[in-house]
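> Here is a sequence together with a model predicted from it:
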Amino acid sequence: MAKNGSADDGALTAEVADFVISIADGDIPEDVLDLGKKSILDGLGLALAGSVAASGGIVGAHLASLGLTGGPATVIGSGLKVPARFAAFANGIAIHADDYDDTQLAAAKDRVYGLLTHPTAPALPAALAMAEREGASGAAFMAAYHVGVEVECKISEAMNPRHYQEGFHSTATCGPFAAASAVANLLGYGRDMTAVALAIAGSQSAGLRENFGTMTKPFHAGRASESGLLAAEMAGLGFTATDNILEAPRGFFRAAGGGYDHGAISGKLGNPWTFASPGISIKPHPCGSLTHPGMTKMRELIAEHDIKPEDVAEVKIGTNSHMPNALIHHRPENELQAKFSMEFCIAILLLERRAGLNEFNDETVNRADVKAMIEKVDFGVHPEAEAAGYDKMTTIIEITLTDGREITGRADFGKGSPADPMSFDEVAGKFRQCAEYAGFGADRAEKVVATVRALETLADVRELTGQLVI
């Protein structure tokens, strides 16, 4: 069917609800479950790292001010137990705090590759909090998580590109549907109650990209997770809402994007699973995904040619015209802005040959040598990258050295993408780094890795959440 779907597209919300309630443990292909385990482990590590971010302290203070103690759900990286919705809120913020979490890959050529949604940050906290509250098995938790990710990604893929291009943050806007779907699946809702949960979630959809480079970007993910969980809880209590929130003339797709591609979602849920195709990308660096192809290639060029900082005269980085629309901080002043600065990401690799959690901090961003190197980086649109299409993150690198030599490179995809995926062991290595950054003991980190590797065998997911407190 044509794009700009209308009410004539049929009962799309009912179709989504039917998918949500139809999936149980055992219904998801083994390869998809294995891919999901990597993102779950990645998300848990990021929640630990995010718990010690500045935003983590503020969130903890906020929860304490509400007098929320003794609840059933764990705030990862703390000793705090709170009601499930607030655990989803806190853990969603923490997972996205360092902008180090996984990203959905767009399939359509009119989409900006990698710029649909961060699937795990809204889906995982809600699924985990409710599974912990209910004492659900590891297999049931995984099924709920996968349902949430799948609904979020297919909704995001179907949305008209205008939605993101004109300022909405799709993790924030599509994330509530992920959380609501995960909880509805876990609690065994029927079609009507699930449709209501989706409708309540749709009315809580919000988040603007102007807040990129501030604490409010991760707030989007936490709020999306909390909002979706709350939507499902209210539906379970008998709250009422429309039964066609997605496709209605005044519903989500038309209000938030001016329309949608019905064929990108109808009949496509779990067919194929997004984890299988086009895939989910796991980040090797704690910054915006659009920087990663260039960073991957730059690391290769630095190593291959033994490029030293003092050898660099100029670096030109060229991409398609949509990428600078997200990488908006050309002269960053703090770590959050640096995550959306191609100039910083390239400069820090030239200076340190690495770009991890320890490089993204205010002190490093404002170092004199960093600022000087940033001035040598020219970031803009390159015709070759533009011609490659928006379904890639094509990045052209042209380095001029002080002796007159020129070194060039091109990358369409970065490390961690389905084109160059991280193995479970590589993700486990990233988890260990995040755990160490949070002051989480090495022995305890190994126990979490082992538990996630065998997640389907857990009789009670609280065996996992009990390992994530500090």
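That came through fine. Numbering: from 1, shown residues only.
> Any stretches of the stretch 351-470 of the chain with poor pLDDT?
Counting by pLDDT under 70, the stretch 351-470 of the chain contains no low-confidence segment.
> beta partners of L401?
Here L401 sits in beta bridges with V312, as judged by DSSP bridges.
> Tell me how far the nearest residue to C345 once chain neighbours are set aside lies from H220.
For C345, ignoring the flanking residues on the chain, the nearest one in space by CB to CB, 6 or more residues apart in numbering is T291 at 4.4 Å. (C-beta placed from N, C-alpha, C; glycine too.) Remark: distance between T291 and H220 (CB to CB, to the nearest Å) = 19 Å.
> Show me which of the two is the more surrounded one.
Comparing T291 with H220 by other CB atoms under 10 Å, the one with more neighbours is T291, at 32 against 27.
> That one: what's it in contact with?
Contacts of T291 were listed using CB atoms under 8 Å, 6 or more residues apart in numbering, and they are H285, L327, M342, C345.
> Assumed it was part of a helix.
Yes - when the secondary structure is assigned by DSSP: H, G, I helix; E, B strand; the rest coil, T291 falls within a helix.
> Nearest residue to the residue nearest to the spatial centre of the chain in space, ignoring adjacent ones along the chain?
Among the residues of the chain, the smallest C-alpha distance to the mean C-alpha position (CA atoms, centre = their mean) belongs to H118, namely 2.3 Å. For H118, ignoring the flanking residues on the chain, the nearest one in space by CB to CB, 6+ apart is T171 at 4.4 Å.
> The one you found in helix, strand or coil?
Bear in mind the rule, three-state DSSP; under it T171 is helix.
> and it, what does it touch?
If a contact means CB under 8 Å, 6+ apart, then T171 has H96, T117, H118, A121, P122, G207, H220, A221, A224 as its contacts.
> One more: V82?
When contacts are taken as CB under 8 Å, 6+ apart, V82 is in contact with L63, L68, T69, G71, A73, V75, A90.
> Can you add distance to A127 and give these back as CSV?
As requested, these are exported to CSV (distance: CB to CB, whole Å):
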residue, distance to A127
L63, 20
L68, 20
T69, 23
G71, 17
A73, 11
V75, 15
A90, 15
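> Which of those residues are buried? Put it as a ChimeraX command.
For selection in ChimeraX, the members of the contacts of V82 meeting the burial criterion (16 or more other CB atoms under 10 Å) are listed in this command:
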select :63,68,71,73,75,90
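> Which single one of the contacts of V82 is nearest to A107?
Sorting the contacts of V82 by how near they are to A107, with CB to CB, puts A90 at the top with 32.4 Å.
> hang on, E426 in a strand?
No - assessed with three-state DSSP, E426 is helix; it does not lie in a strand.
> so how far is K38 from it?
Going from E426 to K38 by CB to CB gives 9 Å.
> T394 too?
Counting by CB to CB, the separation of T394 from K38 is 25 Å.
> give the contact list for L198.
Contacts for L198 were tallied using CB under 8 Å, 6+ apart; they are T13, V16, A17, F177, A180, S181, A231, I245, L246.
> Let's verify it: helix, strand, or coil?
At L198, secondary structure determined by three-state DSSP is helix.
> Can you read off the pLDDT for it?
At L198, the predicted lDDT confidence score is 98.
> what's the distance between it and N91?
Distance from L198 to N91, counting by CB to CB: 22 Å.
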